[in-house]
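Trainee: I need the structure of the sequence given here:
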Amino acid sequence: MLVGNDLSKPHAANISCDTGRICFTETNNFAVDFDVFDVSRRTQQCLCKVTSSDTVTVPPGQSAYIIADYKALPADRCFFFDAEHLAAFNAVVDTKTPHMVPITNTSFQSVTIKRKDRLGSIHEITDGSLFVNS
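Mentor: Numbers count the residues shown, from 1 in each chain. Prediction:
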């Protein structure tokens, strides 16, 4: 799970690297433990296009998992899914991750994603660290 400012700020998230815990104080102190993966090693860039495998319509205010098409990933490391569709979410993925992309329609109109529409791309993680839940 990647936690961005759009989620952290409204829920008053407190991230403690000492305890490895994110606490959402505005949500009855809901807490999630996390690990920090050190992804500082540099490797060759791997870029995959991610597209929708079917046409899907998501009603206003609803969420869905869209079945996605992309080439197989190497089994020895994690990758970063960089969402390009406005309704999609960024994620850390690996070879075991189901080929699905979470979509949330925050608009007041239905969103239709057509077959072969680009949802995003998958990149090699090359530097920095990422917070993920355990």
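Trainee: got a list of what the residue sitting nearest the centre point of the chain touches?
Mentor: By Cα atoms, centre = their mean, the mean C-alpha position of the chain lies nearest to residue 91, the distance being 2.1 Å. Neighbouring residues of residue 91 by Cβ atoms under 8 Å, 6 or more residues apart in numbering: 2, 80, 81, 83, 97, 101, 102. C-betas here are computed from N, CA, C, even on glycine.
Trainee: Of these, just the buried ones, ChimeraX syntax please.
Mentor: Selection of buried members from the contacts of residue 91 for ChimeraX, criterion 16 or more other Cβ atoms under 10 Å:
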select :80,81,83,101
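Trainee: and of the contacts of residue 91, the nearest to residue 12?
Mentor: Of all the contacts of residue 91, residue 2 has the smallest distance to residue 12: 18.0 Å, by Cβ to Cβ.
Trainee: Please, where are all the helices along this protein?
Mentor: Counting by DSSP state H, the chain has helices at residues 5-8.
Trainee: Tell me where it has strands.
Mentor: For the chain, the strands defined by DSSP state E occupy 13-16, 21-24, 30-38, 48-52, 56-58, 63-69, 79-83, 91-93, 100-104, 111-113, 118-124, 129-133.
Trainee: And the ones you listed, which one averages the lowest pLDDT?
Mentor: Lowest mean pLDDT within the strands of the chain: strand 129-133, a mean of 50.
Trainee: gap between the nearest residue to residue 122 once chain neighbours are set aside and residue 108?
Mentor: In space, and not counting its chain neighbours, residue 122 is closest to residue 48: 4.2 Å by Cβ to Cβ, 6 or more residues apart in numbering. In this view, residue 48 and residue 108 are 33 Å apart by Cβ to Cβ, to the nearest Å.
Trainee: For these two, indicate the residue with more neighbours.
Mentor: Between residue 48 and residue 108, counted using other Cβ atoms under 10 Å, the more crowded position is residue 48 (18 against 7).
Trainee: List the contacts of that one.
Mentor: Residue 48 touches 70, 71, 73, 121, 122, counting by Cβ under 8 Å, 6+ apart.
Trainee: what's the farthest-apart pair in these?
Mentor: With Cβ to Cβ as the measure, no two of the contacts of residue 48 lie farther apart than 73 and 121, at 12.3 Å.
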